[in-house]
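1. Pasting the sequence and the predicted coordinates here, then a few questions.
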Amino acid sequence: MAGAGSVDFPSATLVRLEGSVTSSLRPGQVFQTTVQARGDALSIQVGALRIPIPADGGLQPGQNVTAQVVQEGQVLQLQVSPQNVPAGDSGAPAALGTAVATALETLGMLHAADLAPRLLPRNLPTNGAAVRDLLALFAAWDSLAEDLDAVSSALARAAAAGVVPRELARAFAEALARLFASDPRDFDRVLRQAASRSGKSLAARIAAAAASGTLEDLLDELSADIRALAAQLREHEGLGRFLRNAGEETAFREAMSRIHARFSGQALQNLRSFEQPYLFLELPFGAGSPITHAQVHFFGEEKGGRRFDPANATVILDLATTQLGSLWISVKITQGHCSCWFRVDRPAAVKAIESATADLVDSLADAGYPGAKVRVEGWDGDRFAAAAGLMRRFRPFEASV
């Protein structure tokens, strides 16, 4: 079993993880890898680790597989599933359909059953938690900002009480400062930090990450510090006692669970990058910001490739704001020419943006795109449907719900 609530491929192989390997992996991580053979022994490369797998599990040397870290109780396991299951294999689509239906029911989205399959990357494991975490990205806005702030606040109180080292609380606070955008002027800073800690340009970092073929290169720039620190917090006995005595342990662990699920969903969405140049980021905004939530999709227009060409690309901004409502903004660059399409769910906001069109054109010209075309229209605010439509450009993942 892969854990409560999960539904596995019938052909999945489960590998129990033990020893020092468990300190390097966490539940929800997903890897794309290839079965390797040395004599009669089979193994897969997972990050920097070589993991032996059973020779009788139905996997063959050279076979491409998806490996997801799953947890049952205190036991950590690796669920290894073949990629590109043949269409004639009815077991996998059936299992996937069950996982999707369960996830949609949990999310209160059963009315969107016809749209959900479009949102599933082809290599998505049929683990129920994975499907739910992925669909939750578009079913509802997250509480990531609030949860990270709550964890940080609890950690600060514990540090003040001498329960945890002040250095740990300071490191977490610094990681949050890099992650959060407190106002719209911070949007560019946070986005660039998410995409590049090395000082390279955003376009260069995206291209390098896409060319490398690794799932989490860019996402790790956003969240690796937080996740590494969160792992320390989960295992800190003194912090656990402090929270229990304060009656806060349950709320703390629930917040940590939601943080993990959201980062897991982001990593799973970036499985799309194995089909064509693509990057997904979700950026939390601090309290009081006029932008409350933001997701960004980057698409390269080179079919079958992995590189991003800044003169031929599409960027989608999915925003929730306090003044203008929900915005779905498409910026398409074709041979260096820019067209920008605003979809807005408030009639008053449509008029406000239309009145500022000339200023938007000037701003785009200042950014290097003279003569940009800007269009504004009303929208029903259905992010789930909009995201499903956006994913039409990828190959469909068959699933009956």
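-> The structure has been received and is ready for your questions.
2. C-alpha from now on. contacts and neighbour counts both.
-> Fine.
3. For L324, which non-adjacent residue is closest in space?
-> Nearest residue to L324, sequence neighbours excluded (C-alpha to C-alpha, 6 or more residues apart in numbering): A349, at 5.2 Å.
4. need the contact list for A387.
-> A387 sits next to L119, F138 when contact means C-alpha atoms under 8 Å, 6 or more residues apart in numbering.
5. helix, strand or coil for it?
-> Counting by DSSP: H, G, I helix; E, B strand; the rest coil, the backbone at A387 sits in helix.
6. circling back: could you look up the SS state of the residue nearest to L324?
-> Using three-state DSSP, the structure places A349 in helix.
7. Strands of the stretch 301-401 of the chain, start to end?
-> Using DSSP state E, counting those that start in this stretch, the strands of the stretch 301-401 of the chain run over residues 313-321, 326-334, 337-344, 373-378.
8. Tell me the strands beside the third one, with direction?
-> Think strand 337-344. Within its sheet, strand 337-344 is paired with strand 326-334 (antiparallel), strand 373-378 (parallel), according to DSSP bridges.
9. Can you report how many residues lie near P117?
-> 22 (other C-alpha atoms under 10 Å).
10. ugh, typo on my part, it should be A101
-> Neighbours of A101 (other C-alpha under 10 Å): 21.
11. now do the one 10 residues further on
-> For H111, the neighbour count with other C-alpha under 10 Å is 10.
12. Can you check my assumption that it lies in a strand?
-> No. Counting by three-state DSSP, H111 falls outside a strand, being helix.
13. Give me the pLDDT for it.
-> You'll see H111 listed with a pLDDT of 91.
14. Without its sequence neighbours, what residue ends up closest to S326?
-> Spatial nearest neighbour of S326, excluding adjacent residues (C-alpha to C-alpha, 6+ apart): A320 at 4.6 Å.
15. That neighbour and T292 touch, don't they?
-> Yes. Because the distance of 5.5 Å satisfies C-alpha atoms under 8 Å, A320 is recorded as touching T292.
16. and the two? which has more neighbours close in?
-> Neighbours were counted for A320 and for T292 using other C-alpha under 10 Å; T292 has more, 23 against 19.
17. residues contacting the more buried one?
-> P284, F285, G286, L319, A320, T321, T322.
18. The first one sits in which helix or strand?
-> When you say that, I think you mean P284. Counting by DSSP states H and E, the element that carries P284 is strand 278-284.
19. Lovely, talk soon.
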